[in-house]
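Trainee: Would you be able to build a 3D model of this:
(2 chains)
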There are 2 protein chains.
Amino acid sequence: MKCTRCKAPAEVQLRQHNSNFCRACFVFFFQRQVERAIEKERMFSLDEPVLVAVSGGKDSLALWDVLIDLGYQTTGLHLSLGIGEYSDASTDKTVAFANARSLPLITVKLADHGLAVNDVAGLTRRPACSACGTMKRHYFDQLAVDRGFPVVATGHNLDDEAARLLGNVLHWQMPYLARQRPVLQPTHERFVRKVKPLYRVTEYEAAVYAFMRGIDYVVDECPNAIGATQLTYKDMLNRLEATSPGSKLIFVQEFLQRAQPIFAAAPEEPPRTCVGCGMPSFGEMCGFCRLVRETETKRERRNAAKAVQ
Amino acid sequence: MKCTRCKAPAEVQLRQHNSNFCRACFVFFFQRQVERAIEKERMFSLDEPVLVAVSGGKDSLALWDVLIDLGYQTTGLHLSLGIGEYSDASTDKTVAFANARSLPLITVKLADHGLAVNDVAGLTRRPACSACGTMKRHYFDQLAVDRGFPVVATGHNLDDEAARLLGNVLHWQMPYLARQRPVLQPTHERFVRKVKPLYRVTEYEAAVYAFMRGIDYVVDECPNAIGATQLTYKDMLNRLEATSPGSKLIFVQEFLQRAQPIFAAAPEEPPRTCVGCGMPSFGEMCGFCRLVRETETKRERRNAAKAVQ
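Mentor: Numbering: from 1, shown residues only, chains lettered A, B, ... in the order given. I've put the predicted structure just below:
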């Protein structure tokens, strides 16, 4: 098997692109895919400071690595989620990555706010992934606005986007379908642009890239994700991809080109301002503030019950 | 396990309906599902003669059985497709079903028109399922119009509809998404209404119904369908259904309610009239006439080549 680009012995086979690559050409290919996505979708320019949400996993660290190499101005934002040892390991890998390259990194520890994911999920009895998502979105938005970043980049890859799209389609979630794009423009003064530069590269490609670049990342899946519906969708799409390579890319690309504009044309209410935190909200109070309030109430009740015993 | 309806011992468990049924109650339930689909979607009335497309498989024979029991005026239409022994067996089962119940049946043998599916597919090198679909649609339409039936009913079940929807969505086939409904109103003077009264019942339910009613049907899958993409889609949806019972029904129902009207709103050209056969066509000549012409040309060439040898 020879490299499609330079005819050297190939190390990676990408069936969906009908291509094989040696190490150097794969790194070039991967970075070009990301660069093209950024440019074609006008995600951000070389002059704009970009806040990169980094979890410590392969996708976000690969993204950060590519952005540095392409010469973008980045600052990392890491939320230490409070999901036991998994979060400790994630924080360690993220800090080590930033330190080794002298990159600026903002770290927020949810436990310092009394909001460790496992505590919040336990107290409110919400699914952990739902609570986690609400808090991530809140801190990404808030920190970007407060620190003056016009754009937040996340490491969502093609598999993530295809799985999310499949989930939205299987339930015909119309407002989500209207908004699922690799670039989300702000619809409120306290929203910033949100972009997904890896939306055209697969999970496999991101893993290969991280490996080839010697990036040390958290290999374990989040323990809370076990049994998550998202994984069922990914499994369904992987089976299809095995039969018809390129299916995921076609699914997401054709959606963005043909269908999403039709969903987006349906009129939608712009977000209001949350009475709690002043961030954008689709109700009077945003999901984050409702979650925090519920967590506090439940915690007080639990503490009161303990005091009585 | 007790029958949800009458508390007798249950024989069938339907997880997606949170119900268990004894034999009598399942038959009642199945027939009610079909009756409701017919009434709610205004498929046809008790006064209208319905042409039922019957293949000899469980779905179409179950459909015919239900329609007879509900008192509708039906005539069967069977196309003997020319797919070797599979077609012979299908024709035998269909004729036996109709004879045993003294039902009117029209049978068309494609081989009599020089159009046996396997010959056409071999000569034109088209995928057999594509050639077969083109011919089925043509004869259903033409016979319905010529014999004065205002409506053709087919045995497509929920699994068929969900798989077709998934295929259309994975490629974002916009014109197909605009037209995928359980009732298709004619858009040309030589189109009749086409309806799918089984669109809310699963393949499994149709099989159980056929079994309980003692219907003798062709159990084998069509040999040409092996490896068909449709089966990959069905497999994907079956995996999802196993994790989340009811997923298929939600997928199809929510599509019809929320998304399909949006796709249908996109302007679409009405069909023209085929210069070959006078039936509706989206080009100058319809797919059937193009297929026939190609088959004839290839057959002449083959015969000429043989004569030379």
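
Trainee: Give the burial count for residue A:153, as a bare number.
Mentor: Residue A:153 sits with 28 neighbouring residues when counted by other Cβ atoms under 10 Å in any protein chain shown. (Each C-beta comes from the backbone N, C-alpha and C, glycine too.)

Trainee: partners of it in the sheet?
Mentor: Taking DSSP bridges as the rule, residue A:153 bridges to residue A:52, residue A:195.

Trainee: Can you pull the poorly scored residue ranges out of chain A?
Mentor: For chain A, applying pLDDT under 70 flags no range at all.

Trainee: Strands of that one, start to end?
Mentor: Applying DSSP state E to chain A gives strands spanning A:12-14, A:19-21, A:49-53, A:73-80, A:105-109, A:151-153, A:183-184, A:193-195, A:272-273, A:280-281.

Trainee: how about the longest one: buried residues?
Mentor: Using 16 or more other Cβ atoms under 10 Å in any protein chain shown as the burial criterion, the residues of strand A:73-80 that qualify are A:74-80.

Trainee: List just the nearest of the residues you listed to residue B:55.
Mentor: residue A:79 (57.0 Å; Cβ to Cβ).

Trainee: Return the residues in contact with the nearest residue to that closest one once chain neighbours are set aside.
Mentor: Distances taken as Cβ to Cβ, 6 or more residues apart in numbering or on different chains put residue A:108 closest to residue A:79, at 5.2 Å, once the chain neighbours are dropped. Contacts for residue A:108 (Cβ atoms under 8 Å, 6 or more residues apart in numbering or on different chains) come out as A:77-80, A:139, A:143.

Trainee: let's go with 7 Å and repeat that
Mentor: Listed by Cβ atoms under 7 Å, 6 or more residues apart in numbering or on different chains, the contact set of residue A:108 reads A:79-80, A:139.

Trainee: again, but for residue A:151
Mentor: With Cβ under 7 Å, 6+ apart, residue A:151 has these contacts: A:44, A:48, A:50-51, A:192-193, A:195.

Trainee: Pull up the gap between it and chain B, please.
Mentor: 28 Å (Cβ to the nearest Cβ, to the nearest Å).

Trainee: Check residue A:228 too.
Mentor: If you go by Cβ to the nearest Cβ, the gap between residue A:228 and chain B works out to 11 Å.

Trainee: pretty sure that residue is touching residue A:130, no?
Mentor: No. Checked against Cβ atoms under 7 Å, the pair residue A:228 and residue A:130 is beyond contact range at 10.4 Å.

Trainee: where exactly do the helices run in the stretch 1-150 of chain A?
Mentor: Under the criterion DSSP state H, counting those that start in this stretch, helices of the stretch 1-150 of chain A are mapped to A:23-40, A:58-69, A:84-101, A:117-124, A:128-146.

Trainee: any chance of those helices in CSV, plus distance to chain B and mean neighbour count?
Mentor: Shown next, in CSV, are the helices of the stretch 1-150 of chain A (distance: least, Cβ to the nearest Cβ, whole Å; neighbours: other Cβ atoms under 10 Å in any protein chain shown):
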stretch, distance to chain B, mean neighbour count
helix A:23-40, 19, 18
helix A:58-69, 23, 23
helix A:84-101, 24, 17
helix A:117-124, 21, 20
helix A:128-146, 16, 19
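
Trainee: okay if I get those as JSON lines plus distance to residue B:14?
Mentor: Output for those, formatted as JSON lines (distance: least, Cβ to Cβ, whole Å):
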{"stretch": "helix A:23-40", "distance to residue B:14": "45"}
{"stretch": "helix A:58-69", "distance to residue B:14": "40"}
{"stretch": "helix A:84-101", "distance to residue B:14": "39"}
{"stretch": "helix A:117-124", "distance to residue B:14": "33"}
{"stretch": "helix A:128-146", "distance to residue B:14": "29"}
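
Trainee: Ok, which of these comes nearest residue A:238?
Mentor: Of all the helices of the stretch 1-150 of chain A, helix A:58-69 comes closest under Cβ to Cβ, at 16.4 Å.

Trainee: Just give the closest residue to residue A:233, not the sequence neighbours.
Mentor: Closest residue in space to residue A:233, ignoring its immediate chain neighbours: residue A:163 at 4.0 Å, by Cβ to Cβ, 6+ apart.

Trainee: can you pull the contacts of residue A:50?
Mentor: A:44, A:67, A:72-74, A:149, A:151, A:153.

Trainee: could you redo the last one with a cut-off of 10 Å?
Mentor: By Cβ atoms under 10 Å, 6 or more residues apart in numbering or on different chains, the residues touching residue A:50 are A:38, A:43-44, A:64, A:67, A:72-76, A:144, A:149-153, A:193, A:195, A:197.

Trainee: cool, and residue A:293?
Mentor: Residues near residue A:293 by Cβ under 10 Å, 6+ apart: A:124, A:276, A:285.

Trainee: Pull up the gap between the first one and residue B:265, please.
Mentor: Relative to residue B:265, residue A:124 is positioned 41 Å away (Cβ to Cβ, to the nearest Å).

Trainee: The last one now?
Mentor: Between residue A:285 and residue B:265 the computed distance is 35 Å (Cβ to Cβ).

Trainee: higher neighbour count, those two?
Mentor: residue A:285 (15 against 11).

Trainee: Was I right to think the more buried one contacts residue A:278?
Mentor: No. If you go by Cβ atoms under 10 Å, residue A:285 and residue A:278 don't touch, sitting 11.0 Å apart.

Trainee: Up against chain B, what does chain A have?
Mentor: A:162, A:165-166, A:169-174, A:177, A:227, A:229, A:231-233, A:235-237, A:239-240, A:242-244, A:247-248, A:250-260, A:262-263, A:265-266 (Cβ under 10 Å from any Cβ of the partner chain).

Trainee: Quick one, which of those are buried?
Mentor: The neighbour count (16+ other Cβ under 10 Å) marks A:162, A:165-166, A:169-174, A:177, A:229, A:232-233, A:236-237, A:240, A:247-248, A:251-252, A:254-256, A:259-260, A:262-263 as buried among the residues of chain A next to chain B.

Trainee: bridging residues for the residue nearest to residue A:29 when sequence neighbours are not counted?
Mentor: Distances taken as Cβ to Cβ, 6+ apart place residue A:21 nearest to residue A:29, at 5.8 Å, with adjacent residues excluded. Residue A:21 forms beta bridges with residue A:12, as assigned by DSSP bridges.

Trainee: Can you tell me how far residue A:21 is from chain B?
Mentor: Residue A:21 is 27 Å from chain B, by Cβ to the nearest Cβ.

Trainee: dump the residue contacts of that residue.
Mentor: A:1-6, A:8, A:10-14, A:27-30, A:208, A:212.

Trainee: report the angle between the axes of the lengthiest helix in chain A and helix A:117-124?
Mentor: Counting by DSSP state H, the longest helix found in chain A is helix A:287-308. If you take axes from the mean of the first three to the mean of the last three Cα atoms, to 10 degrees, helix A:287-308 sits at 70 degrees to helix A:117-124.

Trainee: Give me the buried positions along helix A:287-308.
Mentor: Neighbour counts over helix A:287-308 (16+ other Cβ under 10 Å) mark A:287-292, A:294-295, A:298 as buried.

Trainee: For it, list the C-alpha coordinates in PDB.
Mentor: Coordinates of each C-alpha in helix A:287-308 appear next as PDB, following Å, rounded to 0.1, in the frame of the first residue of the first chain:
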ATOM      1  CA  GLY A 287     -30.900  26.000  32.000                       C
ATOM      2  CA  PHE A 288     -27.700  26.600  33.900                       C
ATOM      3  CA  CYS A 289     -29.300  28.800  36.600                       C
ATOM      4  CA  ARG A 290     -32.200  26.400  37.000                       C
ATOM      5  CA  LEU A 291     -29.700  23.600  37.400                       C
ATOM      6  CA  VAL A 292     -27.700  25.600  40.000                       C
ATOM      7  CA  ARG A 293     -30.800  26.600  41.900                       C
ATOM      8  CA  GLU A 294     -32.100  23.000  42.000                       C
ATOM      9  CA  THR A 295     -28.600  21.700  43.100                       C
ATOM     10  CA  GLU A 296     -28.500  24.300  45.900                       C
ATOM     11  CA  THR A 297     -32.000  23.500  47.200                       C
ATOM     12  CA  LYS A 298     -31.400  19.800  47.200                       C
ATOM     13  CA  ARG A 299     -28.100  20.200  48.900                       C
ATOM     14  CA  GLU A 300     -29.600  22.400  51.600                       C
ATOM     15  CA  ARG A 301     -32.400  19.800  52.200                       C
ATOM     16  CA  ARG A 302     -29.900  17.000  52.400                       C
ATOM     17  CA  ASN A 303     -27.700  18.900  54.800                       C
ATOM     18  CA  ALA A 304     -30.800  19.800  56.900                       C
ATOM     19  CA  ALA A 305     -31.800  16.200  57.000                       C
ATOM     20  CA  LYS A 306     -28.300  15.100  58.000                       C
ATOM     21  CA  ALA A 307     -28.300  17.800  60.800                       C
ATOM     22  CA  VAL A 308     -31.600  16.400  62.200                       C
END
